[in-house]
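Peer 1: I'd like to go over a predicted model; first the sequence, then the structure.
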Amino acid sequence: MAGIRTLEKLDVAGRRVLLRLDLNVPLNGGKIADATRIEAALPTLRWLMEAGARTIVCSHLGRPKGQRVPALSLEPVAADLAERLDAEVYFAHDSVGPDVEYLSKSLQDGGLLVVENLRFHAGEKAGSEDFALQLSRLGDVYVNDAFGVMHREDASVVGVVPHFEQAGMGKLVEKEVAALSKLLRGPGKPFVGILGGAKVSDKIAVIESLMHRVDALIIGGAMAYTFLAAKDIPIGDSLVEENKIRLARRLIERCTERRVSLFLPQDHIVSDSPDGEPTVTRAIEPGMKGFDVGPESVGLFSDVIGRAQTVFWNGPMGMFEKEAFAGGTRGVAEAVAAADAYTVVGGGDSAAAINRFELSERIGHISTGGGASLKFVEGRDLPGIAALKSKGA
Ligand code: AMP
């Protein structure tokens, strides 16, 4: 990407490289439940090791809120990295301070040190200048390869950068930026945006910005009910954001003005509760709630997706965690995988769905960052990316 140094443009041999990674893996009883983020970090780690850098890895894990929470230690992640890289990986029990600095200076060329969870210090999330300064003392060169936090202003993402003469992006960020930029610059037409998930409020900005670029917008998931309510279509007791109905009405009008085709679910899988008996219906009765889009809707959405040249998808079509309400999300995932198009799936739930349905091989790009990919597609300069750009190419 123009404006940001790649690894190849940095002098790393024999120097200490402070590497910000997103090693925020889900843990289950102290075990790593899903290693996708660790896998995604390996190309940059291997590159730096081979280039003879002395790499100091920092990351957050979970939400310890500025406290030392032993269950959220990065130590098991460091052990996992050692195994995957078949290399010795040192671990520091804090992320800043003289002892950690000493360890960073004891590394050999090609060596690796993982420091403790950044969020054990409140200064990380607060973007504290002092914490950023302390962290910057761990390296001579800074590399950010944590795409999932690029939309944050955390100390390790933004505040540290001015303290380095050389700063750049790792292989994962390079790949994410290249893949997502294709959606912003001259995407193949028709361009279809698919949005789902629970809340309209989280997706307003992306709907507004996608409207300028897409030819068709498909809306499913719980957020569809606010749009259906805006069209005075009965939605029974389905989830609805009453205070967003007027906004939904305005967004529907804007779609018409811009000649963007808007597709909403026509039928639904309903029940009286998430654990109740599922039934298919076109009209949702009072007392019933829509938990998934129905088969007719899947057929309609699949037709639209099948004609696309470019597809961006973020958010499930229903409560897909429950098998009874997973059909809509599975159907859309299969249509996206089958499309002869450039397909991008934003992180979070839709990426999890693609993995669960074993379709990842057939998707153009699956982003590792849910929030970051949405913000990127909104066309916003992410703070982490802007900070790296300020250091030149
Ligand atoms: P979000 O974080 O906004 O992308 O929302 C994802 C969550 O929305 C998932 O946990 C789904 O279970 C949930 N969801 C999607 N559709 C529905 C629905 N119709 N009713 C209730 N929850 C839903």
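Peer 2: Yep, it's here. Only a predicted model underlies this, so the values are computations on that prediction, with no experimental measurement involved. Numbering: from 1, shown residues only.

Peer 1: Could you find the closest non-adjacent residue to Pro187?
Peer 2: Using CB to CB, 6 or more residues apart in numbering and skipping residues adjacent in sequence, the residue nearest Pro187 is Thr310, 4.0 Å away. Heads up, the C-betas are built off the backbone N, CA and C, glycines and all.

Peer 1: Does that neighbour have any beta-bridge partners, and if so which?
Peer 2: Note on Thr310: beta-bridge partners Phe191, Tyr342, judged by DSSP bridges.

Peer 1: so it makes contact with Ala341?
Peer 2: Yes - look at Thr310 against Ala341 with CB atoms under 8 Å: they come within range, at 5.8 Å.

Peer 1: neighbour count winner among the two?
Peer 2: More crowded of Thr310 and Ala341, by other CB atoms under 10 Å: Thr310, with 23 against 20.

Peer 1: which residues does that one contact?
Peer 2: Lys182, Leu183, Pro187, Gly188, Lys189, Pro190, Phe191, Val192, Ala341, Tyr342, Thr343 (CB atoms under 8 Å, 6 or more residues apart in numbering).

Peer 1: hang on, the earlier thing: and the residue nearest to Pro187, what's its pLDDT?
Peer 2: At Thr310, the model reports a pLDDT of 98.

Peer 1: hey, what's in contact with both of Thr310 and Ala341?
Peer 2: Gly188.

Peer 1: and Gly370, how many residues sit next to it?
Peer 2: Gly370 has 20 nearby residues by other CB under 10 Å.

Peer 1: Pull the distance from the helix or strand encompassing Ala178 to the chain's centre.
Peer 2: Assignment of secondary structure by DSSP states H and E places Ala178 within helix 171-184. Distance of helix 171-184 from its chain centroid, counting by CA atoms, centre = their mean, to the nearest Å, is 12 Å.

Peer 1: same question, stretch 263-282
Peer 2: Relative to its parent chain, stretch 263-282 has a centroid offset of 28 Å by CA atoms, centre = their mean.

Peer 1: Check stretch 125-144 too.
Peer 2: 23 Å.

Peer 1: same deal with stretch 260-279?
Peer 2: Worked out by CA atoms, centre = their mean, stretch 260-279 lies 26 Å from the chain centre.

Peer 1: buried ones in it?
Peer 2: Val260, Leu262, Phe263, Leu264, Pro265, Asp267, His268, Ile269, Val270, Ser271, Pro278 (16 or more other CB atoms under 10 Å).

Peer 1: Okay, and which of those map to helices?
Peer 2: Using DSSP state H, the subset of the buried residues of stretch 260-279 located in helices is empty.

Peer 1: Wait, Val77 touches Val115, no?
Peer 2: No - using CB under 8 Å, Val77 is not in contact with Val115; the gap is 11.2 Å.

Peer 1: Excluding residues flanking it in the chain, which one is nearest the single nearest residue of the stretch 51-200 of the chain relative to the ligand?
Peer 2: Residue of the stretch 51-200 of the chain nearest the ligand, by CB to the nearest ligand atom: Gly197 (2.5 Å). Of all residues not flanking Gly197 in the chain, Gly315 sits nearest, at 3.1 Å (CB to CB, 6+ apart).

Peer 1: now Val77
Peer 2: Nearest one to Val77, counting by CB to CB, 6+ apart, is Leu23 at 5.0 Å.

Peer 1: For the nearest residue to Arg63 once chain neighbours are set aside, give me its contacts.
Peer 2: In space, and not counting its chain neighbours, Arg63 is closest to Arg119: 6.9 Å by CB to CB, 6+ apart. By CB under 8 Å, 6+ apart, Arg119 lies in contact with His60, Leu61, Gly62, Arg63, Pro64, Lys65, Gly66, Leu72, Lys125.

Peer 1: List buried members of those by neighbour count.
Peer 2: So, by 16+ other CB under 10 Å, the buried ones in the contacts of Arg119 are His60, Leu61, Pro64, Leu72, Lys125.

Peer 1: What about these, which are in helices?
Peer 2: Using DSSP H, the buried ones among the contacts of Arg119 in helices are Lys125.

Peer 1: Any chance of the buried ones among the contacts of Arg119 in JSON lines with pLDDT as columns?
Peer 2: JSON lines is the format used below for these (pLDDT from 0 to 100):
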{"residue": "His60", "pLDDT": "98"}
{"residue": "Leu61", "pLDDT": "97"}
{"residue": "Pro64", "pLDDT": "97"}
{"residue": "Leu72", "pLDDT": "96"}
{"residue": "Lys125", "pLDDT": "98"}
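
Peer 1: okay, the buried ones among the contacts of Arg119 in a markdown table with distance to the ligand next?
Peer 2: Formatted as a markdown table, the buried ones among the contacts of Arg119 follow (distance: CB to the nearest ligand atom, whole Å):
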| residue | distance to the ligand |
| --- | --- |
| His60 | 19 |
| Leu61 | 20 |
| Pro64 | 22 |
| Leu72 | 22 |
| Lys125 | 20 |
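
Peer 1: Read off the pLDDT value for Thr1.
Peer 2: Actually, residue 1 is Met rather than Thr. So, for Met1, pLDDT stands at 52.

Peer 1: swap in Gly369?
Peer 2: On the pLDDT scale, Gly369 gets 89.

Peer 1: just the helices in the stretch 1-150 of the chain please.
Peer 2: 36-50, 75-85, 98-106, 122-126, 129-136 (DSSP state H, counting those that start in this stretch).
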